[in-house]
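Engineer: Mind folding the following:
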Amino acid sequence: MKLVTAVLPPHRVPDVMKALQSFGVRGVTVTEVQAYVPRTVRVEIYRGSEYRVNLAPQLRLDILTLDFDAADLVRVIRAAGARGTGGGTVWVTPVEEVVRIRTRERGPDAV
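Structural biologist: Now for the predicted structure:
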């Protein structure tokens, strides 16, 4: 099994989610994260002091999939997320074991 993770700008996520649904993905974990963007500097004021911030709000999508679907899933995310401006990152991590808590299923049955 593989864990496909994508970090994308928030405005790209609706298109990616539609593409994932069309691909047949049943579950996605979405987390708000901050990504370091060296080219973009934002000035924020906190308690009267100015701070230069190189962090941009992003959304992280985690999708657990079978080994043979991982490459296709990366292609789907890349194609749907390539529209517009800004960047994103996708990576694949091997997963040793998965257990569905409610049904106690293990391995590919739990996906």
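
Engineer: from what I can see Lys2 touches Glu96, true?
Structural biologist: No - contact criterion Cβ atoms under 8 Å: Lys2 and Glu96 do not qualify, at 11.0 Å. Where C-beta positions appear, they are placed from N, C-alpha and C, glycine not excepted.

Engineer: Same drill for these two, tell me which one is more crowded.
Structural biologist: The neighbour comparison of Lys2 against Glu96 (other Cβ atoms under 10 Å) goes to Lys2, with 20 against 6.

Engineer: how close does that one get to Gly107?
Structural biologist: 13 Å (Cβ to Cβ, to the nearest Å).

Engineer: With Ala80 instead?
Structural biologist: Relative to Gly107, and taking Cβ to Cβ, Ala80 is found at 29 Å.

Engineer: How about Val37?
Structural biologist: 38 Å.

Engineer: go on, Ala70?
Structural biologist: Distance from Ala70 to Gly107, by Cβ to Cβ: 16 Å.

Engineer: quick one, which of these two is more surrounded?
Structural biologist: The neighbour comparison of Ala70 against Gly107 (other Cβ under 10 Å) goes to Ala70, with 18 against 14.

Engineer: Pretty sure Pro108 sits against Leu64.
Structural biologist: No - judged on Cβ under 8 Å, Pro108 makes no contact with Leu64 at a distance of 10.3 Å.

Engineer: Where is the longest strand in the chain?
Structural biologist: For the chain, the strand that runs over the most residues, judged by DSSP state E, is strand 55-65.

Engineer: Kind regards, and thank you for your time.
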